[in-house]
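[1] sequence unknown, structure follows:
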């Protein structure tokens, strides 16, 4: 079965510093990977996806993620964090053969000024 | 981009009553929609897949008779929590596959509180 793991419950970073939110995956077949962000009491917003092609994927709001097949990772990154980036971030993988998404546990990102 | 709406955004009901939550795709058609449940500070758990014109597919452990799903049109799916109890209090989120490749578009969620 497809699964993703987000090893950090929370990541703290100072405004202006680079940020990384980690995600590792376990899949059979080709991985279709996603990052979503959730603000309090809101639904999820799509940030970016990896389907195929370049390992470095660029997404919304200045975020990017690097697909690393050998390390089975898909870490989310941003060169310079903003306080407004503080939110809950989910990594997800598409279930084989369908449109279902399997989500990681989520990582709270706190950016302090 | 594709927009998914939910109504209501929050609802408080008494134990034993039923509550209906609507999920609409506003600018695209969705033959499939997904219903998730999210507890505070936890991940999303897929409850069921709603299929237009046919029965929903429920995930293991989800009570079909308690969480009734109807997908009567290409733009509307409804989730009815029947005989609600306080343990049903949660954040319910729907999503629909978009026109693009593989991503899903999520509704803003519905906060249900059962007293």
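    Yep, it's here. Computed from a predicted structure; not experimentally measured.
[2] rest of the way, CA atoms for contacts and neighbours
    Will do.
[3] Who's the closest spatial neighbour of the closest residue to chain B within chain A, skipping the chain neighbours?
    Per Cα to the nearest Cα, the residue of chain A with the smallest distance to chain B is residue A:43, at 3.9 Å. Take residue A:43 and drop its neighbours on the chain: the residue closest to it by Cα to Cα, 6 or more residues apart in numbering or on different chains is residue B:108, 3.9 Å away.
[4] repeat for residue A:49
    For residue A:49, ignoring the flanking residues on the chain, the nearest one in space by Cα to Cα, 6+ apart is residue A:34 at 4.3 Å.
[5] how deep is the one you found tucked in, by neighbour count?
    By other Cα atoms under 10 Å in any protein chain shown, the residues close to residue A:34 number 25.
[6] Is it correct that residue B:83 is in contact with residue B:15?
    Yes - here residue B:83 reaches residue B:15: they are 6.9 Å apart, a contact under Cα atoms under 8 Å.
[7] of all the residues in chain A, which ones are close to chain B?
    Those residues of chain A that sit near chain B, judged by Cα under 8 Å from any Cα of the partner chain, are A:34, A:41-46, A:49, A:90, A:94, A:99-100, A:103-106.
[8] Could you give the bridge partners of the residue nearest to residue A:49?
    Taking DSSP bridges, one finds residue A:49, residue A:92 as the beta-bridge partners of residue A:34.
[9] close enough to count as contact, it and residue A:93?
    Yes - with contact defined as Cα under 8 Å, residue A:34 and residue A:93 form a contacting pair (6.2 Å).
[10] who touches the closest residue to residue A:100 other than its chain neighbours in this structure?
    Leaving aside its chain neighbours, residue A:100 sits nearest to residue A:94 (5.8 Å; criterion: Cα to Cα, 6+ apart). Residues touching residue A:94, when contacts are defined by Cα atoms under 8 Å, 6 or more residues apart in numbering or on different chains, comprise A:2, A:31-33, A:100-102, B:102.
[11] Get me the contact residues on chain B for chain A.
    Where chain B comes near chain A, counting by Cα under 8 Å from any Cα, the residues are B:34, B:42-45, B:93, B:97, B:102-109, B:111.
[12] Mark which of the residues you listed are buried, thanks.
    Among the residues of chain B next to chain A, those classed as buried by neighbour count (16 or more other Cα atoms under 10 Å in any protein chain shown) are B:34, B:43-45, B:93, B:97, B:102-109, B:111.
[13] Tell me which entries of these lie within strands.
    Among those, the members found in strands (DSSP state E) are B:34, B:44-45, B:93, B:97, B:104-106, B:111.
[14] Let me know the closest of the residues you listed to chain A.
    Looking across these and measuring by Cα to the nearest Cα, the closest to chain A is residue B:106, at 5.6 Å.
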